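J.: Provided below for reference: sequence and predicted model.
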Number of protein chains: 2
Amino acid sequence: MSAILEAIFRRRSIRKYEEKPVPKDLLLQLLQAAMAGPSAHNGRPWEFVVITDEATMAKLRSHLKYGKHNAPAAIAVCYNPAIASSPSSKRWWVQDCAAALENMLIAAPGLGLGAVWIGIYPKASSVKLVRRILGLPPEVTPFGLVYTGFPAEEKPPRTQFEESRVHWEHF
Amino acid sequence: MSAILEAIFRRRSIRKYEEKPVPKDLLLQLLQAAMAGPSAHNGRPWEFVVITDEATMAKLRSHLKYGKHNAPAAIAVCYNPAIASSPSSKRWWVQDCAAALENMLIAAPGLGLGAVWIGIYPKASSVKLVRRILGLPPEVTPFGLVYTGFPAEEKPPRTQFEESRVHWEHF
């Protein structure tokens, strides 16, 4: 199998973590991966909040139904229309942010980290909650979180390829 | 630099292609990458249409303002609520499809291919057009296209990391 497919297949949702902080250098590498992502008209409408503070992580865990995992760190991907360099970001920002987030998930195993995507937007209660916990101004929307840390569970690489999902030339 | 960051930095929007078909094996590898992507509650709400027929490609090129590139092939990522295995896909499908699409863009350079993301949803005119050209039933929504082929332009790997986009602990 090609090396790039192996790397992509290693992205698995990790929900158990070692009680060990994530070095800043690795967090910066995740952010480099995120910002290498594509965006409509290269609008790069994103900002990031890195959380390593245990009190903040505890707040996120206690309030987010699907964010209870013991990861020591999180990176919030946020949309800020004021810093987008293209007006088209208004239409495409969800996809831009999703690509940035997915890039971090793919990068994580190659850096020895586990990671999992915690969906926030468009669930209004989660948006409100994360905005409050992270101190985001009202014009900045939290799109999603990556929880990350050193994995305390192992999952085998996989694709979930299904031939029945593929149509050739026409639906 | 770590190998995984190098791989992620190689994803660049390629808009010039060789006049050479893409072997089916490589298209299948792109699809394996796509279906290795995460989705909310593992709903996998996606279907794919692979286009290599020159007449269909010509139709896409002539109608899509941002899809005029001479790629010999395209893969449409579509949302089909009827095959999603989780009701939560209704809320998260755009993000699920974006992650699948981004996986293909990251896989492409590692397979010797170039690729570029052509945004379709939520632009109503593009959705209608692609639905018609690919024969999608009304309940299936075309999310986006990957144009792909052997690259006829070279772009250096890059991140667009900007320190000013990163907040530590709090916005």
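T.: Everything's here; your move.
J.: Can you give me the neighbour number for A:Trp92?
T.: For A:Trp92, the count of nearby residues is 25 (other CB atoms under 10 Å in any protein chain shown). Heads up, the C-betas are built off the backbone N, CA and C, glycines and all.
J.: Is the helix or strand hosting it in proximity to chain B?
T.: Taking DSSP states H and E as the definition, A:Trp92 sits inside helix A:89-110. Yes. Applying CB under 8 Å from any CB of the partner chain, one finds that helix A:89-110 is in contact with chain B at A:91-92, A:94-95, A:98-99, A:101-103, A:105-107, A:109-110.
J.: got the angle for that helix vs helix B:89-110?
T.: Put simply, helix A:89-110 runs at 60 degrees to helix B:89-110, going by axes from the mean of the first three to the mean of the last three CA atoms, to 10 degrees.
J.: Tell me the first helix or strand C-terminal of helix A:89-110.
T.: strand A:114-119.
J.: what's near enough to touch A:Leu60?
T.: Counting by CB atoms under 8 Å, 6 or more residues apart in numbering or on different chains, A:Leu60 touches A:51, A:67, A:74, A:130, A:133, A:145.
J.: the helices in chain A, which residues?
T.: Remark: helices assigned in chain A by DSSP state H are A:3-9, A:24-35, A:54-63, A:89-110, A:124-134.
J.: got the angle for the longest one vs helix A:24-35?
T.: Taking the same axes, to 10 degrees, one finds that helix A:89-110 is oriented at 140 degrees with respect to helix A:24-35.
J.: The third one too?
T.: Angular relation of helix A:54-63 and helix A:24-35 on a 0 to 180 degree scale: 50 degrees, by the same axes, to 10 degrees.
J.: what separates helix A:54-63 from the chain centre, distance-wise?
T.: With CA atoms, centre = their mean, to the nearest Å as the basis, helix A:54-63 stands 17 Å off its chain's centre.
J.: Okay, buried residues for that helix please.
T.: Applying a neighbour-count criterion of 16 or more other CB atoms under 10 Å in any protein chain shown, one finds A:56-57, A:59-60 buried in helix A:54-63.
J.: Same check on the last one?
T.: The neighbour-count criterion (16+ other CB under 10 Å) identifies A:126-127, A:129-131, A:133-134 as the buried residues of helix A:124-134.
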